[in-house]
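A.B. asks: My questions concern the predicted model and sequence given below.
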Amino acid sequence: MGSNNSRQDAIVAAYSWKDPNPEGVGTQRVDELYGSDVFNLDEMRRRLPKHVYKALLRTVDQGVRLDAQAADIVAAAMKDWAVEKGATHYTHWFQPLTGSTAEKHDAFITPDSHGHVVISLSGSELVQSEPDASSFPSGGLRATFEARGYTAWDPTSPAFVTRGRNHVTLVIPTAFVSWKGEALDHKTPLLRSIDALAVQAGRVLKLFGHAEGTRVVATLGCEQEYFLVDQNLYYQRPDLVTCGRTLYGAKPPKGQQLEDHYFGSIPGRVLSYMAEVEREMYRLGVPVKTRHNEVAPGQFEVAPVYENANIAADHQMLMMETLRKVASRYDLVALLHEKPFAGVNGSGKHNNWSLATNTGVNLLDPRDETHTNTQFLVFLCAVMRAVDRYGDLLRCTVASAANDHRLGANEAPPAIISIYLGDMLTDIVEQIEQGRPMRTLKGGQIDLGTHSLPQIPRASGDRNRTSPFAFTGNKFEFRAVGSGQSVAWPVTVLNTIVAESLDYVATRLEAAVGPHPEPAQLTEAAIAVVRDLVHEHKRIIFNGDGYTQEWHAEAERRGLPNLRDCIAAIPVMVAEKNLELFEKYKVMTRTELESREHIYIELYAKQLLIESEAMVLVGRQLILPAVLQHQTLLAQTVSATTAAGADASVPRAQLDAFASLSSRFITALDALDAADNHQESDPFEHARYFKGTVLPLMGELRALADQLETHVASNYWPLPSYRELLFIK
């Protein structure tokens, strides 16, 4: 299919699209649909013996290990449930260090001695499987010939079934480790960090009089931004297909400068797509709440409400898979790259993180009279301390070649990690620093100036979209996370650094008041501790505009790190203080961390190599022929004009200027092609080379190509334009 045909097909698809079910006929109620494909607690209660169900609850709520006999019973019940849903296979679903998910399907059938088969799933098959571990990223943990790896059932994340046109599969969330037990995935460290956080937070809660057995969990809600492009156009863009982002593309006359797309009316085809994504998510028990247009044209957002962090991380991976899968049903493609289009907003995944007890108490809820809520102030200042001490590590968790294009741009926070607290909490922190908090600022009411509209309550503080780590009412929003990455690694780090701070706070409080303090005694000791934390860590608080150069200068004066890109950010993972942190709380070993540093820096270089080679191919095979075709047309025009005896000075000047531009493009193309042949055994030196040499050459080549695009005849230009990609829906 030629480029012009693909463009026409996209236009036809956009204007001729009709909702196949405009009245919603036959749609199932959401409350009936929700969780229908999940082996959830209700299903377990119905199908399991009472003692097994209670044992499983202890595993989920308290982290108590499930015994083998109970696992056999759970496996049989899970198999029966899945087979009733139509399942023929099961899979251990895991999250290797590729950034996506992995699965190997096995049938439920087992041959018997009579030439028949029986349908079965044993406890051992549920608990453990053995996928090949040799071909996943390991950062040196495994040699290629060392193939054995294990997946281990995660009972805290419920199993579910996935559906296709002619298949149903039982999906069992699992961890993935090497033969030696080293974590080769994102889930294993996340679960370890949840345990570490529960232990240290439990020490603080015990001092504040919470009942024995109260367990603290991290909660998480992830806002997912994404772009949609027409499928016909997508497959005419080799850069999008190969790299997930456009490597070429001239700025369109209209982008997002009118700010008319944000929260605008959702296009019909997109809205139907969103609705189908939501229904798929509801079946899987994902509590999707919000959908809307985002800032850039063609950009949208979907957001669930919060869940336990482990489940939310699993659901986030499912959401990305579902966004991609459902898009093709509407002749669309979902782009999850952090910066698929230059010149307009990129996409993030804001992580709304908090702490809660298993009895439903949000520990980061300040309540009405915040200055009297000593427990909240302790947890707030512990988080503040954690982010100040380990801001470099938190920045490292969002380091990728893709996110380097986004951080510090207009839609994303800068690479400097700071905390936004808002007016009310900042005022309380300042009171603590001076002695003791005595008041809580109130937001009051907003009078809209007409009797027909109600007075509405004003929050006690505004929001700050330039802050990477902002308090937003009863949680913190980590805004720097990239749209295409797994959330498990940032949350693992956040859990671990907060566990370390809670350990520090609990140790000080225990030394000051003993195991069973009187309330007044505890309050005095707690205020003294948080006062010290404020004195030591208030530099991390910044409520202003994070985009200004003044803030960058101020952050440097405060001693806050500014790790601008992957080359600067990734090595902090193995700084001695960070290695000691993870080892102390048994979240990751030194070897596991060193392997991840190796994986991430190698991934950075590989991504840039793929992009640069794709630029060369697209430039040579598609753009250059179009450029030469247009140049030939100009030359023929000059010849024809001269032959006719007319003045050819204007077309000749155009030809000379265009020929000069095309020559510079060819030179830049050759330079990038030559630069791609770099060989280096040291992965950091290889990555530095790509950043210092290849990236600038890619920028030069793109600038020339984008200039050529604005001069080449539209019917010659082979790539769908930004104007088409962003606006044809």
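C.D. replies: That came through fine. Residues are numbered from 1 along each chain as shown.
A.B. asks: contacting residues for the spatially closest residue to Ala470 that is not a sequence neighbour?
C.D. replies: In this structure, Ala470 finds its nearest non-sequential neighbour in Tyr420, 3.9 Å apart by CB to CB, 6 or more residues apart in numbering. Using the backbone N, CA and C atoms, a C-beta is placed for each residue, glycine as well. Contacts here follow CB atoms under 8 Å, 6 or more residues apart in numbering; on that basis Tyr420 touches Asn464, Ser467, Phe469, Ala470, Phe471, Ile541, Phe542, Asn543.
A.B. asks: how far away is Tyr420 from Met438?
C.D. replies: Relative to Met438, Tyr420 is positioned 23 Å away (criterion: CB to CB, to the nearest Å).
A.B. asks: quick revisit: just put the contacts of Tyr420 in a markdown table and tack on distance to Ala386.
C.D. replies: Converted to a markdown table, these look like this (distance: CB to CB, whole Å):
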| residue | distance to Ala386 |
| --- | --- |
| Asn464 | 19 |
| Ser467 | 16 |
| Phe469 | 10 |
| Ala470 | 15 |
| Phe471 | 14 |
| Ile541 | 13 |
| Phe542 | 16 |
| Asn543 | 19 |
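A.B. asks: Asn310: which of those is nearest?
C.D. replies: Proximity of the contacts of Tyr420 to Asn310 was ranked by CB to CB; the top entry is Phe469 with 21.2 Å.
A.B. asks: And the residue nearest to Ala470, how far from Ser595?
C.D. replies: 34 Å.
A.B. asks: ok, now Ala102?
C.D. replies: On the measure of CB to CB, Ala102 and Ser595 end up 17 Å apart.
A.B. asks: Would you mind finding the longest strand in the protein?
C.D. replies: Of all the segments of type strand in the chain, defined by DSSP state E, the longest one is strand 168-178.
A.B. asks: now that one: mean pLDDT?
C.D. replies: Average pLDDT, strand 168-178: 95.
A.B. asks: Now do whatever helix or strand comes next after that strand and strand 168-178, the angle between them.
C.D. replies: Past strand 168-178, heading to the C-terminal end, the next element that is a helix or strand (DSSP states H and E) is helix 187-207. Using axes from the mean of the first three to the mean of the last three CA atoms, to 10 degrees, the direction of helix 187-207 lies 80 degrees away from that of strand 168-178.
A.B. asks: Please export the C-alpha coordinates of stretch 468-478 as CSV.
C.D. replies: Only the C-alpha atoms of stretch 468-478 are listed here, as CSV (Å, rounded to 0.1, in the frame of the first residue of the first chain):
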residue,chain,number,x,y,z
PRO,A,468,8.1,15.3,40.8
PHE,A,469,6.8,14.2,44.2
ALA,A,470,3.7,16.1,45.3
PHE,A,471,1.3,15.7,48.2
THR,A,472,-2.2,15.7,46.8
GLY,A,473,-4.6,15.5,49.7
ASN,A,474,-4.1,12.0,51.2
LYS,A,475,-1.2,10.6,49.1
PHE,A,476,1.9,11.5,47.2
GLU,A,477,2.0,11.6,43.5
PHE,A,478,5.3,10.6,41.9
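A.B. asks: Which elements pack onto the longest helix seen in the chain?
C.D. replies: The single longest helix within the chain, with elements called by DSSP state H, is helix 590-618. Using 3 or more CB pairs under 8 Å, 6 or more residues apart in numbering; DSSP states H and E as the contact criterion, the secondary-structure elements in contact with helix 590-618 are helix 238-243, helix 401-404, helix 566-569, helix 576-584, helix 649-675, helix 683-689, helix 695-709.
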